[in-house]
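# Turn this into a model:
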Amino acid sequence: MQAGLYAIGCDAVFSTRSPMPDNRDEARPVPRVVVQTDDPLTRDGAVAFLARDARIELLPDEELADADILVMLTASVGGKTLSAMSRASQSTGGRIRIVLVADHISEQQLALAVNHGLASFLVRPFTSFSQIVAAADEAYQGRSVVPPVLMSLLLDRMRIMQHSESATGLLPVELAQREIDVLRLLAEGLDTVEIASKLSYSERLIKSVIQAVVKRLELRNRTHAVAYAIRMGIL
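Numbers count the residues shown, from 1 in each chain. This next block holds a predicted model:
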């Protein structure tokens, strides 16, 4: 029985049996891979398994800037996931390719994820570790693994976005890096006190930044500002 990754609520159970690849071409370079997950237990299981596979070279999270592929395992895709993708893309100059393994993803999230470097999407309850490694190798070679129904949705979404931008002349608004940092931390669930501490600013300045963004973009509140930034692919 092939090793599998099975969703149980927000957790995952990993089997430990996996067919190891035989007769690998030693001269062929292998992708350097970093794994990120929602929780430490899931990460420990994934790392323990993937580290045994000779088709990839596993790197620690702190060496993300040197990685070729980022494998992300999550129960659900949200602002935190998309923000992590955005940070990974920025830290590698847009070079890194992302393999996302999740229970589900909306067409809007898929379009944004592609903008942040998504190469492949795998449905978590039906995906084995061996398939994750294969997807990482495919991404390394410039190929993608996306379920046909999602690919169709993505193409439709891209056509709609392209038509909308052509018709209105509107492009994603440009934000200062400090504004992006504040919105990203808001998307991750931090309050203004925590954001101020993390960015080494005063709470008053953080509130001022949020108010300025909301006013300039003619939005309702900070939640609307975060949603707008995610929708436009800024986060």
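# Every contact and neighbour count from this point should use C-alpha atoms.
Noted.
# most centrally placed residue in the protein?
Met85 (3.5 Å; CA atoms, centre = their mean).
# per-domain residue ranges of the protein.
5-159, 177-231 (automatic domain parsing).
# low-scoring pLDDT stretches of the protein, where are they?
Flagging of the chain using pLDDT under 70 yields the residue ranges 1-27, 147-174, 231-235.
# Can you say which of the domains of the chain is packed in most?
domain 5-159 (a mean of 18; mean count of other CA atoms under 10 Å).
# ok so, going back, surely the residue nearest to the centre of the chain touches Val114?
No: between Met85 and Val114 there is no contact under CA atoms under 8 Å: 9.5 Å.
# And the strands in this structure?
For the chain, the strands defined by DSSP state E occupy 5-8, 11-14, 32-37, 57-58, 69-74, 97-102, 118-123.
# ok and the third one relative to strand 69-74, angle-wise?
The one in question is strand 32-37. 10 degrees (axes from the mean of the first three to the mean of the last three CA atoms, to 10 degrees).
# name the helices or strands packed onto strand 32-37?
Packed against strand 32-37 by the contact rule (3 or more CA pairs under 8 Å, 6 or more residues apart in numbering; DSSP states H and E) you find helix 40-50, strand 57-58, strand 69-74.
# So for Glu194, which of these sits nearest?
Of all these, helix 40-50 sits nearest to Glu194, with 22.4 Å by CA to CA.
# Output the closest one as CSV - backbone C-alpha positions only.
Taking Å, rounded to 0.1, in the frame of the first residue of the first chain, the C-alpha atoms of helix 40-50 are listed here in CSV:
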residue,chain,number,x,y,z
PRO,A,40,4.7,21.1,14.3
LEU,A,41,3.3,17.6,14.4
THR,A,42,2.4,17.6,10.7
ARG,A,43,5.8,19.1,9.8
ASP,A,44,7.7,16.5,11.8
GLY,A,45,5.9,13.7,10.0
ALA,A,46,6.4,15.3,6.6
VAL,A,47,10.1,16.0,7.2
ALA,A,48,10.8,12.5,8.6
PHE,A,49,9.3,10.9,5.5
LEU,A,50,10.6,13.3,2.8
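# any idea how far it is from the chain center?
18 Å (CA atoms, centre = their mean, to the nearest Å).
# One more: stretch 195-213?
Worked out by CA atoms, centre = their mean, stretch 195-213 lies 25 Å from the chain centre.
# any chance of the strands of the chain in a markdown table, plus distance to Asp191?
Conversion of the strands of the chain to a markdown table gives the following (distance: least, CA to CA, whole Å):
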| stretch | distance to Asp191 |
| --- | --- |
| strand 5-8 | 30 |
| strand 11-14 | 26 |
| strand 32-37 | 23 |
| strand 57-58 | 34 |
| strand 69-74 | 23 |
| strand 97-102 | 27 |
| strand 118-123 | 29 |
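# Quick one, which of those strands gets closest to Tyr201.
strand 32-37 (28.2 Å).
# what's the distance between Thr223 and Ala113?
20 Å (CA to CA, to the nearest Å).
# brain fart, Leu64
Distance of Leu64 to Ala113, computed by CA to CA: 18 Å.
# same question, Leu59
22 Å.
# repeat for Ser86
8 Å.
# same thing with Tyr228?
If you measure Tyr228 against Ala113 using CA to CA, the figure is 15 Å.
# cool, and Arg55?
25 Å.
# likewise Val35?
17 Å.
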